[in-house]
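Visitor: all I have is the shape, not the residue letters:
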């Protein structure tokens, strides 16, 4: 998500977004409580890098995390400091 204008500077929106991302229930598709399902497979290459590595000027607001026991289940994350091209 790329934020522009007043929403990009809104502390209220920031708090709500962080709360929403942290509260997602990650699980397998057949688990009724799941809100976020698995990646198509365990990440590697560019996807793994995007989930684990920051570029200069970036920081994690919420760091993505792999759930133990399943390489394709990751809690979502939020990074800031990305620049749109």
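Guide: Looks like it arrived, so ask away. None of the values given here were measured: they were computed from a predicted structure.

Visitor: mind listing residues that contact the lowest-mean-pLDDT helix or strand in the chain?
Guide: Least confident helix or strand of the chain, by mean pLDDT, DSSP states H and E, is helix 6-9 with a mean of 89. By C-beta atoms under 8 Å, 6 or more residues apart in numbering, the residues outside helix 6-9 that reach it are residue 13. Placement of C-beta: from N, CA and C, glycine included.

Visitor: in that helix, which residues are buried?
Guide: By 16 or more other C-beta atoms under 10 Å, helix 6-9 has no buried positions at all.

Visitor: after it, which helix or strand is next?
Guide: Downstream of helix 6-9, the next assigned helix or strand under DSSP states H and E is helix 11-23.

Visitor: which strands or helices does that following helix pack on?
Guide: strand 59-62, strand 78-80 (3 or more C-beta pairs under 8 Å, 6 or more residues apart in numbering; DSSP states H and E).

Visitor: quick check: residue 17 touching residue 80?
Guide: No: between residue 17 and residue 80 no contact is recorded; they are 10.5 Å apart, counting by C-beta atoms under 8 Å.

Visitor: the more surrounded of those two?
Guide: residue 17 (17 against 14; other C-beta atoms under 10 Å).

Visitor: what sits closest to the more buried one if chain neighbours are left out?
Guide: Excluding its sequence neighbours, the residue lying closest to residue 17 (C-beta to C-beta, 6 or more residues apart in numbering) is residue 78, at 6.8 Å.

Visitor: would you confirm that the one you found contacts residue 22?
Guide: No: counting by C-beta under 8 Å, residue 22 is not a contact partner of residue 78; they are 9.3 Å apart.

Visitor: those two: which is more packed in?
Guide: More crowded of residue 78 and residue 22, by other C-beta under 10 Å: residue 78, with 17 against 12.

Visitor: against residue 40, how distant is the more buried one?
Guide: 21 Å (C-beta to C-beta, to the nearest Å).
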